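Asks: what shape does this take:
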Amino acid sequence: MDTAKYRQDGARAAEKQRKLQEGIAEADKQQKGKEQPGFAMQAGAREYPVPPMEKTKLEKPGIEAQLQQQPMCDAPYYKGSDKLKDKVAIITGGDSGIGRAVAVLFAREGADVAVIYLCEHGDAQETKRMVEQEGRKCLLISGDVSHREFCFDAVKDVVGELGRLDVLVNNAAFQLHAHELEDLSEAHFDTTLRTNLYGYFHMVQAAVPHMKPGSAIVNTGSVTGMMGSKDLLDYSLTKGGIHAFTRSLGTKLVPKGIRVNAVAPGPVWTPLNPADKEKEGIAQFGADVPMKRPAQPEEIAPAYVFLASPHCSSYITGEVLPIIGGYSGG
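Replies: Alright, predicted model coming up:
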């Protein structure tokens, strides 16, 4: 081995690295003072609100009508093209937020919609009005998806009233932060699991017997189910569970011709977070993602159309689609 030659090669490589380092150091000096202030990305058909958001604290379960800064869900630039023509869809948690936006776009794509909600009757009536404005039927059913009997009765009523069932959107959720581990009570933990996991499971068991090949289930996951959240231990656990449930159920239902997928949103401006965070915390909601703003429901809803429609996603099942406003580069 020519040790001397290799040592010289090593020294030359080190010198080359130092010169490259010096060049970047000089570029860094030039860059100082030129940094652009953080800006919220606007890449949609219309401009969306940026933080600071409305400082509002809502009581559970969260009434959308009480927000002055109303979530944007009507998607005026979205044009329907019969992607769900004459289908029937159930949307849990469809009275407001993402669920309402999905209901509107499903109707615009030709579907009749059944909205299952807890007790936000005014919000539900507004969703019904918006669906009917699109020329489709809207059935409202109030109840708690954590109760198995209710889920089966609700599905039975939908099939009886609307004649069939083609799409199930599991979207109802309970979220409540706990800063300290000891503050997460068993009752709190139980409520989250029963709404977010049991509710999805009950609805699937009730719906699948009525669904034919070509039908679809779309679950609402969350970025917290992928990345975790220190103050939302129970919620993150359920969302990760929903992702796993989606992948497993997707495989399970292949023989029945039923596709199962999930959408995993990042921060979205809906009543869910003002009904959880304190006023000061909600002001900067969504500011820490690369796009530096929360999504509006109408920006998330097209993903549900895509995953529900046999025209768009017939070869997709068991997938989790993140819509989180970008990934941090470190």
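Asks: can you give me the distance of the most centrally placed residue in the chain to Gly99?
Replies: For the chain, Pro265 is the residue whose C-alpha lies nearest the centre (C-alpha atoms, centre = their mean; 3.3 Å). Pro265 sits 12 Å away from Gly99, going by C-beta to C-beta, to the nearest Å. Glycine gets a C-beta too; all of them are placed from N, C-alpha and C.
Asks: returning to what we had before: quick check: beta-bridge partners of the residue nearest to the centre of the chain?
Replies: Pro265 forms beta bridges with Ile323, as assigned by DSSP bridges.
Asks: so it is in contact with Gly225, correct?
Replies: No - counting by C-beta atoms under 8 Å, Pro265 stays clear of Gly225, with 10.4 Å between them.
Asks: phi, psi for Leu139 please.
Replies: Backbone dihedrals for Leu139, given as degrees, to the nearest 10, come out at phi -100, psi 130.
Asks: next one, pLDDT for it please.
Replies: pLDDT for Leu139: 98.
Asks: next one: it from Leu237, what distance?
Replies: For Leu139 relative to Leu237 (C-beta to C-beta), the value is 32 Å.
Asks: what's the answer for Gly122, then?
Replies: Using C-beta to C-beta, one gets 32 Å for the distance from Gly122 to Leu237.
Asks: the two: who's more crowded?
Replies: Applying other C-beta atoms under 10 Å to Gly122 and Leu237 shows that Leu237 carries more neighbours, namely 19 against 12.
Asks: element containing the more buried one, please.
Replies: Per DSSP states H and E: Leu237 is located in helix 233-252.
Asks: just the CA atoms of that helix, as PDB, please.
Replies: Presented in PDB, the C-alpha positions along helix 233-252 are these (Å, rounded to 0.1, in the frame of the first residue of the first chain):
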ATOM      1  CA  LEU A 233     -51.900  11.300  24.500                       C
ATOM      2  CA  ASP A 234     -55.300   9.600  24.300                       C
ATOM      3  CA  TYR A 235     -56.400  11.400  21.100                       C
ATOM      4  CA  SER A 236     -53.100  10.500  19.300                       C
ATOM      5  CA  LEU A 237     -53.400   6.900  20.400                       C
ATOM      6  CA  THR A 238     -56.900   6.700  18.900                       C
ATOM      7  CA  LYS A 239     -55.800   8.300  15.600                       C
ATOM      8  CA  GLY A 240     -52.800   6.000  15.300                       C
ATOM      9  CA  GLY A 241     -55.300   3.200  16.000                       C
ATOM     10  CA  ILE A 242     -57.500   4.500  13.200                       C
ATOM     11  CA  HIS A 243     -54.600   4.400  10.800                       C
ATOM     12  CA  ALA A 244     -53.900   0.800  11.700                       C
ATOM     13  CA  PHE A 245     -57.600  -0.100  11.600                       C
ATOM     14  CA  THR A 246     -57.800   1.400   8.100                       C
ATOM     15  CA  ARG A 247     -54.900  -0.700   6.800                       C
ATOM     16  CA  SER A 248     -56.200  -3.900   8.400                       C
ATOM     17  CA  LEU A 249     -59.800  -3.300   7.400                       C
ATOM     18  CA  GLY A 250     -58.800  -2.500   3.900                       C
ATOM     19  CA  THR A 251     -57.300  -5.900   3.500                       C
ATOM     20  CA  LYS A 252     -60.200  -7.600   5.300                       C
END
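Asks: go through it and flag the buried ones.
Replies: For helix 233-252, burial by neighbour count (16 or more other C-beta atoms under 10 Å) applies to 233-243, 245-247, 249-250.
Asks: next: stretch 142-150.
Replies: For stretch 142-150, a neighbour-count test (16+ other C-beta under 10 Å) marks 143, 145-146, 150 as buried.
Asks: check contacts around the closest residue to Gly286 other than its chain neighbours.
Replies: Here the nearest residue to Gly286 in space, its sequence neighbours aside, is Pro294; by C-beta to C-beta, 6 or more residues apart in numbering that works out to 3.0 Å. Residues in contact with Pro294 (C-beta atoms under 8 Å, 6 or more residues apart in numbering) are 51, 53, 266-269, 285-286, 325.
Asks: alright, I will stop here.
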